[in-house]
Each structure stands twice: as structure tokens, then as C-alpha cells.
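K.L.:
Just a sequence and a predicted model for now, questions to come.
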Amino acid sequence: EISVGFTPDGSRILSCPLPRYHPNNDNNNHHNNTSCWSQTPRDSIFRVRGINYLNDRIKLPSAPSVFPCRGVDVYLTDDPIRHISRHPAMLGGKLHSNDDDTNDTFVVNFLLPFANFVSYFSIPPIETMPKNVAAVWTKFLAGDVEYRDARLKLLPVVIDGPWIVKKAVGTTPAVIGQKIPLQYYFTKGDGGKRKGTYEVDVIISASKIAKTILNVVKGHAKRLIIALAFIIEAAEESELPETVLCSFQLHYLHLELCPRLPYYALDVDTDDDDDDGNGDDEM
């Protein structure tokens, strides 16, 4: 983690990435387990399509997620950036680590009106994934923009928070691309030291509905534990049961303590930057 200083009133600015929740260190952690993230303890809190869903329409608790969370960043900025994986500050500068045991990374970059909210997930080797997850993930990578937009879902669960937030957020999975513009920046690894990054940008600032929900959440962020799960929709029998692809929890976030996004001159993206040939896949 990288520390980035203090606020004008002397409060310590949060590290990059955010601190990880430590359940046994509530009294020792400087932030007392506020403004931190955790791996979701039980992905069974997320209800997904069961193995017979195409016949009975029954949803069941998910099996454990497959992509472990590497970390979460919240960078304040008046001009949130796209394709943030290019920025060297991401994940404390370790997003593109050359460690031999580092897998490719799935990146979800929410462009908020006031911040880049970014989560990072380690992608295990395809042969180690459950067959249903390997099937949907392979198709998602190979699919075109229309296919991806129709499949990627977000499922939020408010673990702790006021009723107004629970009402605004709900508990129903949403196909993100049906309501919010998405962009995809998929760059394959080279099979050696260079690891792949598969970034999805969620342009919250372009959706009135999403901004309305965000304003409710933002106003109560200090009182909120929220779990977020990402799911690739299972639409065929061979893809069932659905399983949470990746998830994390955010604990009692104090936005005023989040760091500012460091300035870095980023070149304009071109199709040549994308090894999949999909370039700037924008709605």
C-alpha cells in the first residue's frame, strides 16, 4: 500500500489501494476498519440462476466466486478517466506486476461524477475454473460489444446501512450494459512476464438513473457496508448454474479521505492498444 499524506485538518489520507479489512484488528487499525475493503465472506448472499433455471426459473445461493479480489481504489477527480489500467498508480503501482505468480487481472472501473472507483480481480488459469464459469468467461472475452453488454451483470447487497439505501439499491441483478454505457479495454498477456488486463469501464456519469442511486449511496457512505458481485449471465443450459465471477465488500467509506487521482499524461487510445481487436468499444 502507498500512503499519500494528510488532509488540511490533519486526517490521514487513505492508502492506495484502500486498506484491507482485518476482523481481528478493529482497535489497532488506524481507520478502525472504516474506509476499507474485504473479500466477500460468503458469496451465498448472492442469489443466482440455478442449474434448472431455464425450466423452473429458480434462483439459488451462489457457489464461491472464482476471481479473488486483488484490491480496490477510490481516486477523487473532477475528470474521471477511461482505460485507467494505463495509469501507473493503479493498485499501488502493482497492477502490472511481473511476479511469476501474478495472474491476469479483470478490472472494473466505475467512472463516477467525482471519482474513479476501481476494483481488481485475479483471473485464474482457465483450466482451473469450474466448467460453467470457464464457458461464460471464454464467450465473454471472444464476444462483440453487443454480446458483452447483454451478459455482464452487477448484483449489489447492502450488508449494513439505512433503509433508504437498501430501497434505492435493491437486491436484483442488473444487466449493466442495458442501462449504462460500457467500454472494454482487453489486452492479452504475452505468455511471459507481461500479464493481461481485461478492463470494463462503467460510465455511471452518463446515466441519470445510476446517478440518482449513486447520490443516495454517496450521502450515506460512512454508514454503509455494501457487497458488489459481478456475474456473467448464464443463458444456456451448459452455462448453468450461474456463479458469481468476482465480488468484494466496501466498509464505511469516508470519501473525504480518499486520495486525489495523480496527474499522468495518458495517450489517446487507438485500436492498436487492444490485442482483441475491439479497441474503444463504446456504446
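P.N.:
On my side now, so go ahead. Numbering: from 1, shown residues only.
K.L.:
For burial, what's the neighbour tally of residue 82?
P.N.:
18 (other CB atoms under 10 Å). Using the backbone N, CA and C atoms, a C-beta is placed for each residue, glycine as well.
K.L.:
Would you quantify the distance from the closest residue to residue 168 other than its chain neighbours to residue 263?
P.N.:
Counting by CB to CB, 6 or more residues apart in numbering, residue 168 lies nearest to residue 216, which is 4.2 Å off, once chain neighbours are set aside. Using CB to CB, to the nearest Å, we find residue 216 at a distance of 31 Å from residue 263.
K.L.:
More neighbours: those two, which one.
P.N.:
residue 216 (16 against 9).
K.L.:
got the buried residues for stretch 87-102?
P.N.:
For stretch 87-102, a neighbour-count test (16 or more other CB atoms under 10 Å) marks 87, 89, 90, 91, 92, 94, 95, 96, 102 as buried.
K.L.:
One more: stretch 198-211?
P.N.:
Quick answer for stretch 198-211 (16+ other CB under 10 Å): 198, 199, 200, 201, 202, 203, 204, 205, 207, 210.
K.L.:
and the residues you listed as a markdown table, adding secondary structure and pLDDT?
P.N.:
Putting the buried residues of stretch 198-211 into a markdown table (DSSP: H, G, I helix; E, B strand; the rest coil; pLDDT from 0 to 100) gives the following:
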| residue | secondary structure | pLDDT |
| --- | --- | --- |
| 198 | strand | 98 |
| 199 | strand | 98 |
| 200 | strand | 98 |
| 201 | strand | 98 |
| 202 | strand | 98 |
| 203 | coil | 97 |
| 204 | helix | 96 |
| 205 | helix | 90 |
| 207 | coil | 93 |
| 210 | helix | 94 |
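K.L.:
Dump the residues you listed to CSV, plus distance to residue 174.
P.N.:
Formatted as CSV, the buried residues of stretch 198-211 follow (distance: CB to CB, whole Å):
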residue, distance to residue 174
198, 20
199, 20
200, 14
201, 16
202, 11
203, 15
204, 12
205, 17
207, 11
210, 10
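K.L.:
who's in contact with residue 225?
P.N.:
Contacts for residue 225 were tallied using CB atoms under 8 Å, 6 or more residues apart in numbering; they are 158, 159, 160, 161, 249, 250, 251, 252.
K.L.:
Weed out the non-buried ones from the residues you listed.
P.N.:
158, 161, 249, 250, 251, 252.
K.L.:
Please narrow those to those residing in helices.
P.N.:
Judged by DSSP state H, the buried ones among the contacts of residue 225 include no members of helices.
K.L.:
In TSV: those residues, plus distance to residue 176 and pLDDT.
P.N.:
TSV is the format used below for the buried ones among the contacts of residue 225 (distance: CB to CB, whole Å; pLDDT from 0 to 100):
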residue	distance to residue 176	pLDDT
158	18	97
161	22	96
249	19	97
250	18	97
251	23	96
252	25	96
